[in-house]
Every structure is written in structure tokens, then in C-alpha cells.
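**Student:** only the shape, not the letters, is given here:
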């Protein structure tokens, strides 16, 4: 006889529920803690024996130790992605999406066009009023007249930097701060410095839709992200890896301002480092872009991001 007494834990994609199972054995009742999950459309269970003819107090005490044992076994059959877990079948499914993109190499002329389009779109997403047709003119100027023009030239330097140094630079704190400094040197006093204040993101109705991690924990979260990248970069295909890191970076929000632009640069750094073509996220798709970021932040949903990036890839290469 199985009795489901309670659902008490949730760790993201992997876990369905844990429950107490009771089994009659003659005149006695045996108790088990059971973790039930689905893998490849099949229900699987991890079962730990608690004891026989237990009181409620005994069940509660024994359950604590059994939980820890089960959690260790969960980690062996899954991959932790910051705040959630992915089963091998889920990683396989995500990696399969990577096959939907065409791997091409941009020639010098194509790269220059990508660079100009990237600079326009990545700045416009953040509210820049520089028009698309003005970008090339600004990039060719020897002197700029305002902060928006300065950041236009700076972002061009940043995308060119990762293009030229993809094989020399490592993905680390130094690179993250360097890219921020390149982008905002001369326009923001905190260029290249992690924030020491709290930040929130609000929607048009002034509702808070996301809070960055506490300022005092920014470097802790970033180091965890970098360590995760090093440990898992061979487990995920480049597009999946780049998408996860991009989303986690935006979730952390380590700078007072400029997080979106740096996140999109890091996305492309990881792709270029893997000999993949870069992605230009378009201004016209900003609403969908924000939506998939929110789904990741609120629901640990990464597949929507990957599908969105695939569409942006197709538009970029077109």
C-alpha cells in the first residue's frame, strides 16, 4: 500500500515530488521516503527505507537524513544549472536544438556589416536614439559630440575586441570588467566596476519584474557562473552554453547599468570562441527577448531562450 502524504520539495526541472510510502508486511507497516521523477516519458523512483512501525516523530527525524541521501543521488543523475537541475534527456533535447543552426564563417565584409548592425541594435534595445543609418557615419568620426555617439564607437570596439581576442582571452571576471570598461569608458563613472548598490528592473507600469542579486554577493555569483562554465562547457553545445551563460549573467545584473550590452557581448564571445557565427538580437524582437529572459528568471525556463536565439541566428545570417 502506498500513501502519498506530502509534496515538500521542488528543485527545478528534475524533481516531480517526494512522498512517504507505507507498505504492509504482515501485521507491520514499513515506511519509505520516495522521490518520483520522469525521464524520457517514463516515471522513475528513488526509494529509501525509513523503518518499521514508526511514529510521526520518528518519521520526521529519519526523513531528514533520507532527504540528504536522495539529493546526493539526484545530483549524480542530473546536471545542476544554478537554481535548477536538468536530466540527461533534457540536456540531449537542448543540444539537439543546436543542430538547427547553420555554421558559417563571416568574411571581412560580412563581419563589418554584422558589427554595424550589432552596434545599432544592442544600443537601441537599451534606449539609444542613434538611428541605424547614422551608425556608420559615427564610427568613421574622429570626434564625437555626445555620450550616445561615444557609446556607439565604444560598443564597436568591444565587439571587435572579442572578435580579435576570442582565442587569447578566457571567460573570467577580468574579461567581464574589461568589456564593460571598453563600452562605457568616458560615459559612465563606474565603467569596468561591479555595482555597490542594489538594482531592480521595472516594466512600463513601474512594477518590479526583476531584482539583481545583492550587491555584496555579485562577485560570488559571477565566480559560481564562471566555475559552472568551466565544468560544463563540454556537456553543452556552444549555442546552449552561450544562452545559459547570457541568461544567468542578466539574472545576476552585476553592473549599475550596461548589463544588457555586456550580456550580449558575452553571448557572442562564447559563440566566437567555439568557431560559431555571432548573433545579433534585433530591436524589433525586444519584447520577445525580454519575455524569454523573464521565463528563465521566474520559471528556470531555458528552452524558450534557445529557440529565440535560433530565430535571431537565422535573421542575422539572412
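**Tutor:** Ah, there it is. Model, not experiment: these values are computed from the prediction.
**Student:** what's downstream of the helix or strand that residue 150 is a member of, the next helix or strand?
**Tutor:** Using DSSP states H and E, residue 150 sits within helix 147-165. Counting by DSSP H and E, the element after helix 147-165 in chain order, helix or strand, is helix 173-184.
**Student:** which positions within that next one qualify as buried?
**Tutor:** 175-184 (16 or more other CB atoms under 10 Å). Glycine gets a C-beta too; all of them are placed from N, C-alpha and C.
**Student:** how about stretch 191-205?
**Tutor:** 191-192, 194-195, 199, 201.
**Student:** quick one: residues in contact with that stretch.
**Tutor:** 177-178, 180-181, 183-185, 208-212, 214-215, 218-219, 222, 253-256 (CB atoms under 8 Å, 6 or more residues apart in numbering).
**Student:** just the buried residues of those residues.
**Tutor:** For those, buried by 16+ other CB under 10 Å: 177-178, 180-181, 183-184, 210, 212, 215, 218, 222, 253-256.
**Student:** closest one of the residues you listed to residue 237?
**Tutor:** Comparing these against residue 237 with CB to CB places residue 222 closest, at 23.2 Å.
**Student:** the helix or strand hosting the closest one: how far from the chain's middle?
**Tutor:** Per DSSP H and E, residue 222 falls inside helix 218-232. For helix 218-232, the separation from the chain centroid amounts to 11 Å (computed by CA atoms, centre = their mean, to the nearest Å).
**Student:** can you add pLDDT and distance to residue 164 and give the buried residues of stretch 191-205 back as TSV?
**Tutor:** Putting these into TSV (pLDDT from 0 to 100; distance: CB to CB, whole Å) gives the following:
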residue	pLDDT	distance to residue 164
191	98	20
192	98	19
194	98	25
195	97	28
199	90	31
201	80	32
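**Student:** let's see which of the residues you listed end up in strands.
**Tutor:** residue 201 (DSSP state E).
**Student:** now, the most widely separated pair of the buried residues of stretch 191-205?
**Tutor:** 192 and 201, at 21.7 Å, using CB to CB across the buried residues of stretch 191-205.
**Student:** show the subsequent helix or strand relative to the lengthiest helix in the chain.
**Tutor:** The longest helix of the chain (DSSP state H) is helix 56-76. Using DSSP H and E, the helix or strand that follows helix 56-76 towards the C-terminus is strand 79-81.
**Student:** that next one pairs with which strands, parallel or anti?
**Tutor:** Strand 79-81 has the following strand partners under DSSP bridges: strand 84-86 (antiparallel).
**Student:** list the buried residues of the helix or strand following the strand it pairs with.
**Tutor:** Next in sequence after strand 84-86, counting helices and strands by DSSP H and E, comes helix 88-97. Neighbour counts over helix 88-97 (16+ other CB under 10 Å) mark 90-91, 94-95, 97 as buried.
**Student:** and helix 88-97, how far from the chain's centre?
**Tutor:** Distance of helix 88-97 from its chain centroid, counting by CA atoms, centre = their mean, is 16 Å.
**Student:** that one - contacts with which helices or strands?
**Tutor:** The contact analysis (3 or more CB pairs under 8 Å, 6 or more residues apart in numbering; DSSP states H and E) places helix 88-97 against helix 238-252, helix 303-317.
**Student:** and residue 44, how far from residue 67?
**Tutor:** Using CB to CB, to the nearest Å, one gets 18 Å for the distance from residue 44 to residue 67.
**Student:** which one of the two has more residues nearby?
**Tutor:** Shown here are residue 44 and residue 67; by other CB atoms under 10 Å, residue 67 has more neighbours (16 against 13).
**Student:** sorry, back to before: point out the least confident one among the buried ones among the contacts of stretch 191-205.
**Tutor:** The member of the buried ones among the contacts of stretch 191-205 with the lowest pLDDT is residue 210, at 80.
**Student:** wait, a strand at that one?
**Tutor:** Yes: counting by DSSP: H, G, I helix; E, B strand; the rest coil, one finds residue 210 located in a strand.
**Student:** show me the contacts for residue 58.
**Tutor:** 50-51.
**Student:** could you check how far it is from residue 302?
**Tutor:** In terms of CB to CB, residue 58 sits 41 Å off from residue 302.
**Student:** point out where the stretch 101-250 of the chain drops to low pLDDT.
**Tutor:** Scanning the stretch 101-250 of the chain for pLDDT under 70 picks out the ranges 204.
**Student:** so how far is the longest helix of the chain off the chain centroid?
**Tutor:** 30 Å.
**Student:** buried residues in it?
**Tutor:** Buried residues in helix 56-76 (16+ other CB under 10 Å): 59, 62-63, 66-67, 70, 74.
**Student:** coming back round to it: now the buried residues of helix 173-184 in CSV, with distance to residue 249?
**Tutor:** As requested, these are arranged in CSV below (distance: CB to CB, whole Å):
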residue, distance to residue 249
175, 12
176, 8
177, 13
178, 15
179, 11
180, 11
181, 16
182, 16
183, 14
184, 16
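**Student:** wait, residue 257 sits on residue 187?
**Tutor:** No: counting by CB atoms under 8 Å, residue 187 is not a contact partner of residue 257; they are 9.8 Å apart.
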